[in-house]
Every structure is written in structure tokens, then in C-alpha cells.
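>>> What follows is a predicted structure for the sequence shown.
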Amino acid sequence: HKKHLLLTVCLMWKVRGFSLHLFLLAGVQSNGWSIHVPSDVTGELGKMVVLPCTFTHPYKTFDRTLTAIWRIKEPYNGTVVFKCTSQSASELCKTAVSYKNKYKLFGNPRHKDLSIRIDNLTWSDSERYFCRVELSGDIHDKYESRNGIKLHLIAAPRIINITVSSNGDHTFQARCTAEGEPAPTLTWSSPHHSNLTSVTSTSHRVTKELRYLTHDGKYTCTAVNSHGRAEGAVYFYKFRASNSSFFMILIFVPLGIKVLVLLVILSLTHCQKRVLTFLTSSTTRPQQQDSTYENFDRRHSSSQSLPTERPTARCS
């Protein structure tokens with residue numbers, strides 16, 4: 001309203017002849033604008049939610065460029081997470097900005113509906129949202145919600161981590177971390193009842209520690225809120241020095257047997273190679289002697305055919 005009033009005063013000062021007409025026109029435009037949004041919307045973590053926003057403008061028909069914008073955190077200067085533009089009444093609003101591609105137009109801006117859908121809700125989506133419409137023309141009209149919509153998230157409990165650890169003083173503790181909205185209540189159940197616990201929480205996340213574990217067994221962490229229940233368990237067995245020798249026997253006796261078997265196999269393989277070598281050498285030597293003898297006999301036989309050889313040179 002202040003912008004339209006300032007524009008009217010300036011135009012009246014510049015063009016006196018049309019001052020009354022311009023004042024009436026600006027008044028109609030100013031009174032014809034409105035945006036309707038709920039103050040709060042609730043969505044479930046990991047699912048989708050629709051943020052409704054409808055508006056009115058002073059024109060009976062409008063066939064020029066229309067732009068729909070959604071911001072977060074604060075109006076006018078907040079971060080733009082969605083923007084689309086329609087050039088004419090027959091054209092759909094084309095998306096120009098969609099942060100992480102999770103914001104989609106749900107309404108029809110040409111039907112005065114700027115509603116959007118947010119997919120796969122995460123904790124970071126819990127913000128305040130502001131819708132805005134811009135109509136281009138002789139006077140560039142812009143209108144934005146001032147209070148916006150606060151998006152609240154709900155979530156059933158989920159166990160994020162559950163561990164057992166040791167301190168420098170050789171004591172043990174179990175730690176369970178869970179998240180949910182509202183923040184869940186954590187409860188430990190153990191073989192031995194103990195009230196020595198500590199709790200820390202940040203926003204939708206809670207950690208509860210069970211101190212000085214002394215009994216072996218199963219330790220269960222239960223997380224509960226108004227939307228559900230979750231459980232996680234860890235098994236604790238304290239190592240005792242009296243059982244160390246038995247434990248070492250269980251490890252090294254099978255290992256020693258395997259090493260002994262391997263040595264026997266290697267010894268047998270080596271002996272087998274030596275036997276084969278001996279047999280091979282014993283069978284090849286006579287063949288070489290026979291061959292030499294045959295060659296000698298052949299040389300001797302061939303010498304008989306020589307006419308100059310004397311009979312006394314023959315070997316019986």
C-alpha cells in the first residue's frame with residue numbers, strides 16, 4: 001500500500017490534469033491485492049508436503065508475464081528455493097529455480113494458486129517459507145506474504161548408533177543415540193539394573209549413556225515418542241585374564257597342527273623327487289653302455305670287410 005501511495009503522489013505532482021484518475025486507479029490496485037497462507041504446516045520426515053498459497057489481484061484478466069517465487073528464512077531478501085515464469089495465460093509456468101530439484105509447482109498461478117510441493121523432507125527443510133507473485137506490465141506489480149508459513153517436521157524414533165567403549169580407567173559404558181520429532185525418550189535395559197546414566201540432547205537428537213558395565217549379556221536401548229518406537233541392542237562380554245591361557249590354546253593348537261601337516265607334505269614331496277631322480281639315473285646308464293658296445297661291435301664288423309685287415313685283429 002505504501003508503494004502504491006508513493007507512486008500516486010509522484011504522478012499527481014507530475015501530471016496535474018490526470019491526478020484524480022490516477023489516484024483512483026492506484027487505490028483499486030492496492031485494495032485488490034491479497035495473499036492467503038496458513039501460519040503452520042506439518043510434514044513427516046522422508047515424505048512430501050504441500051505448502052498452500054493463493055492470491056488475488058485487481059485485474060479481471062491478465063495475459064502477460066507472471067512469475068511465482070518462494071523464499072525461506074525471511075521475506076523479500078530470503079533465499080529463493082523455487083521460481084517459475086509463465087509468459088501468457090496459455091503457457092504453463094516453467095521452472096527456473098528448484099533447490100536440489102525437490103521443489104515442484106503444485107497449484108496453477110494463472111488460477112491464482114502458487115502452492116508448491118516439497119519432496120523427501122529432511123531436517124533442514126524445517127524453515128519459514130514466503131510466497132510471492134509478480135505481474136509484469138505498465139506497472140510491475142509485486143506482492144509477497146509477510147508472515148509466511150512455518151514448516152514443522154515430525155518423525156518416528158530411529159536408532160542412529162549404539163556402542164560399547166572403554167575409558168582409560170578400564171571401565172566400560174554403553175552409548176545410544178537416537179533421533180525423532182518430538183525428541184524421543186531413551187531407556188536402557190540390561191542384565192543388571194543400573195541408574196548410572198547421563199543424557200545429552202541437541203534439537204531432535206538424543207544420546208543416553210549407561211556407565212560402569214559389570215555384567216555380561218545383552219544391553220537394549222529403547223527410543224519412544226508420540227509417533228512410534230525403536231530398539232537397538234549390543235552384546236557385552238568382558239575379557240578375563242584367567243581365561244587367557246585357554247584362549248591362546250584354542251588359537252595356536254589348530255595353527256600348530258596345520259604347520260606340522262604342511263611340513264610333512266613338503267618332506268614327502270622332497271623324498272618322492274629324490275626317489276624318482278635315482279630311478280631315472282639307474283635306468284639310463286645301461287642304455288648308454290649298450291649303445292657304446294653296439295657301436296664298437298659295428299666298427300669291428302665293418303673292419304672285417306677291409307681287404308687289407310689281417311685275421312688276427314678280430315675279437316672273439
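Thanks, I have it.
>>> Helices of this structure, start to end?
2-14, 19-31, 244-304 (DSSP state H).
>>> Off-centre distance for stretch 189-208?
Chain-centre distance of stretch 189-208: 27 Å, with Cα atoms, centre = their mean, to the nearest Å.
>>> who are the neighbours in contact with residue 42?
Contact analysis of residue 42 by Cβ atoms under 8 Å, 6 or more residues apart in numbering lists 49, 151-154. C-beta coordinates here come from the backbone N, C-alpha and C atoms, glycine included.
>>> try it again with 6 Å
Contacts were defined as Cβ atoms under 6 Å, 6 or more residues apart in numbering; by that measure residue 42 touches residue 152.
>>> and if you look at residue 160?
177, 179.
>>> now do 7 Å
177-179 (Cβ atoms under 7 Å, 6 or more residues apart in numbering).
>>> Next, the buried residues of stretch 141-157.
141, 143-145, 148-149, 151, 153-157 (16 or more other Cβ atoms under 10 Å).
>>> My error: substitute stretch 159-166 in the last question.
For stretch 159-166, by 16+ other Cβ under 10 Å, it's 159, 162.
>>> middle-most residue in the protein, spatially?
With distances taken as Cα atoms, centre = their mean, residue 122 lies nearest the centre of the chain, 12.4 Å away.
>>> Can you tell me how far it is from residue 88?
Here the criterion is Cβ to Cβ, to the nearest Å. By it, residue 122 lies 36 Å from residue 88.
>>> can you check residue 256 too?
In terms of Cβ to Cβ, residue 256 sits 87 Å off from residue 88.
>>> Could you do residue 112 as well?
Taking Cβ to Cβ, one finds residue 112 at 16 Å from residue 88.
>>> Between the two, point out the one with more neighbours.
residue 112 (18 against 11; other Cβ atoms under 10 Å).
>>> Verify the contact between the more buried one and residue 54 for me.
Yes. Residue 112 lies in contact with residue 54 (Cβ atoms under 7 Å); the separation is 5.7 Å.
>>> show me where the stretch 1-150 of the chain has strands.
Along the stretch 1-150 of the chain, the stretches classed as strands by DSSP state E, counting those that start in this stretch are 34-36, 40-44, 49-51, 54-56, 66-72, 79-86, 94-98, 103-105, 116-118, 128-135, 141-144, 149-166.
>>> Quick one: residues contacting residue 183.
So residue 183 contacts 201, 204, 206 (Cβ under 7 Å, 6+ apart).
>>> Out of those residues, flag the one nearest to residue 190.
residue 206 (18.3 Å; Cβ to Cβ).
>>> need the contact list for that closest one.
Per Cβ under 7 Å, 6+ apart, neighbours of residue 206: 178, 183-184, 186, 199.
>>> please redo it, this time with the cut-off set to 8 Å
177-179, 183-186, 199-200, 223.
>>> Done for today, thanks.
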